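Peer 1: 3D, please:
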Amino acid sequence: MSETPALPFRAGLAALIGRTNVGKSTLTNALVGHKVSIVTPKPQTTRHVVHGVVNGPQFQLVLVDTPGFFKTKTSKLVTELHRKAREALDGIDLVLHVVDPSREIGEEDQMVTQVLSHVKQPRILCLTKFDLRRRPARKAWLERGRDYAGVAEVSARNGHGLPELKSLLAGFLPEHPPLYPPEDFTNAHRDFQIAELIREQVYLQTGQEVPYRTVIELDAVEEATTRDGQSFLHIKASVLTPNDRYQRMLIGVGAGMIRAIGTSARQELEHSLQRKVFLDLDVLVDKHVGG
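Peer 2: Just a heads-up that it's a prediction; the model follows:
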């Protein structure tokens, strides 16, 4: 009796693209099973193109999380983020267009559609937030689905449709050996992840008041040992902000705000790094931060 030939291994890159706050980073984290991208309610939280690695039976799917398209006043930062999103489409194997059917189709969606009109690779339409009862734009998006190679509906919150989405995307990958070792789940190095987790807590603790230009600068990341011999990671970082007003806001009355940021960031870092962390945060003014 002849043996069934083994299926070829498939590997490739799928870029996630969409308007801001549609859930690209949340979906990336859910598909990977690890926190690859930070998530906040602040538009365009994602500033860098980050890879998340999904390993499955006979495939490796590398998700490329990109900054969202955001209609706002022109600035160097927004222009740069849109440029990064467009450039992320170079050299990829397929595109996952992530949309939020709980929001009416708007100008930012049209910006994305215009970019996708020039893409020759297979395009998959993904409707997020399946767990929500009210999704007024669902029908309109599904009607547009005929222009895509495939359509999926998912919920990153409860996991609905995620296995089916992985299989759908894997089917469009080329035959290729793995791009990353099986134990890797992101291309981001440790220091980048540390800075991003701190920035996430700056936004979560302060809401919409802190400007986009806030930057985290790591001054030191060092191994250390307590008096009783237990090891921990000593992280010294600075929150850079463009003026004195934002510096005062980030420090807070009696240094209450920076303490809250530091406590939450330390807890996230310990969960992510799976080890004890001592976090020393400072808030500095740098008028040249961002653009």
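Peer 1: who are the contact partners of the residue nearest to residue 180 when sequence neighbours are not counted?
Peer 2: Distances taken as Cβ to Cβ, 6 or more residues apart in numbering put residue 53 closest to residue 180, at 4.9 Å, once the chain neighbours are dropped. All C-beta atoms are positioned from the backbone trio N, CA, C, and that covers glycine. In this structure, residue 53 makes contact with 32, 60-63, 179-180, 184-187, judged by Cβ atoms under 8 Å, 6 or more residues apart in numbering.
Peer 1: again, only using 6 Å
Peer 2: Residue 53 sits next to 62, 180, 184-185 when contact means Cβ atoms under 6 Å, 6 or more residues apart in numbering.
Peer 1: same deal with residue 187?
Peer 2: residue 51.
Peer 1: any idea how far it is from residue 128?
Peer 2: Residue 187 sits 24 Å away from residue 128 when distances are taken as Cβ to Cβ, to the nearest Å.
Peer 1: equivalent analysis for residue 15, please.
Peer 2: Relative to residue 128, and taking Cβ to Cβ, residue 15 is found at 16 Å.
Peer 1: now the helices for the stretch 1-150 of the chain?
Peer 2: In the stretch 1-150 of the chain, helices defined by DSSP state H, counting those that start in this stretch lie at 24-32, 76-87, 107-116, 138-144, listed in chain order.
Peer 1: sheet partners, orientation included, of the next helix or strand after the shortest one?
Peer 2: Going back to what we said before, that points to helix 138-144. Downstream of helix 138-144, the first helix or strand assigned by DSSP states H and E is strand 150-153. Each strand pairing with strand 150-153, determined using DSSP bridges, is listed with its direction: strand 123-127 (parallel).
Peer 1: need the contact partners of the partner strand.
Peer 2: Counting by Cβ under 6 Å, 6+ apart, the neighbours of strand 123-127 from elsewhere in the structure are 95-99, 101, 141, 145, 148-153.
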